[in-house]
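A.B. asks: sequence-free structure coming up:
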């Protein structure tokens, strides 16, 4: 089951949380294939940064990393500021709740798996945003607060 979350084109590819160090090396080194840069991989990377760094440091690394990776893939306009920052906030909240409940003692990989599973639907940002706001040019280039309900 976890394998299908990682790369829909390769059911034998490991799920992102199954080898977080390798995922990070490939992402940060811009060698990760486009097919492996899934929603689950995005969530696993941001989870890793939030697991090890302050929220501000994690946010900076995630934003810079996505921009660098997109450029390496010939996609200079692929970065979306609001989407990225919204997912950082959502993962931060979930990870904070897991830590407060004592669930984080299961370890990083198990926590990343649970977070990626709970947040598997990339369209769930529409609980917070209208499609018009989220897909606007302004939201792509700068943070736009939710117009349906607050994330935090």
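C.D. replies: Yep, that arrived. Just so you know, these numbers come straight off a predicted model, no measurement behind them. Numbers count the residues shown, from 1 in each chain.

A.B. asks: Would you map the helices across this protein?
C.D. replies: With DSSP state H as the criterion, the chain has helices at 2-6, 20-28, 39-52, 55-72, 81-100, 108-118, 131-134, 137-141.

A.B. asks: Go through the second one and flag the buried ones.
C.D. replies: The one in question is helix 20-28. Neighbour-count burial for helix 20-28, counted by 16 or more other CB atoms under 10 Å, picks out 20, 23, 24, 26, 27. Where you see a C-beta, it was placed from the backbone N, CA and C, and this is true even at glycine.

A.B. asks: Check the longest one too.
C.D. replies: For helix 81-100, the neighbour count (16+ other CB under 10 Å) marks 81-92, 94-95, 98 as buried.

A.B. asks: which helices and strands sit right next to it?
C.D. replies: Helix 81-100 sits against helix 39-52, helix 55-72, helix 108-118, helix 137-141, with contacts defined as 3 or more CB pairs under 8 Å, 6 or more residues apart in numbering; DSSP states H and E.

A.B. asks: want to try TSV for these, with mean neighbour count and mean pLDDT as columns?
C.D. replies: Putting the helices and strands packed on helix 81-100 into TSV (neighbours: other CB atoms under 10 Å; pLDDT from 0 to 100) gives the following:
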stretch	mean neighbour count	mean pLDDT
helix 39-52	23	96
helix 55-72	16	98
helix 108-118	19	92
helix 137-141	14	97
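
A.B. asks: So which of the ones you listed is nearest residue 152?
C.D. replies: Residue 152 sits nearest to helix 55-72 of all the helices and strands packed on helix 81-100, at 10.9 Å, using CB to CB.

A.B. asks: What are the contacting residues of that closest one?
C.D. replies: 27-28, 30, 32, 37, 42, 45-46, 49-50, 52-53, 76-79, 81, 84-85, 88, 92 (CB atoms under 8 Å, 6 or more residues apart in numbering).

A.B. asks: likewise stretch 140-152?
C.D. replies: Defining contact as CB under 8 Å, 6+ apart, one finds that stretch 140-152 is touched by 79-82, 85-86, 89-90, 93, 126-130, 133-134, 136, 138.
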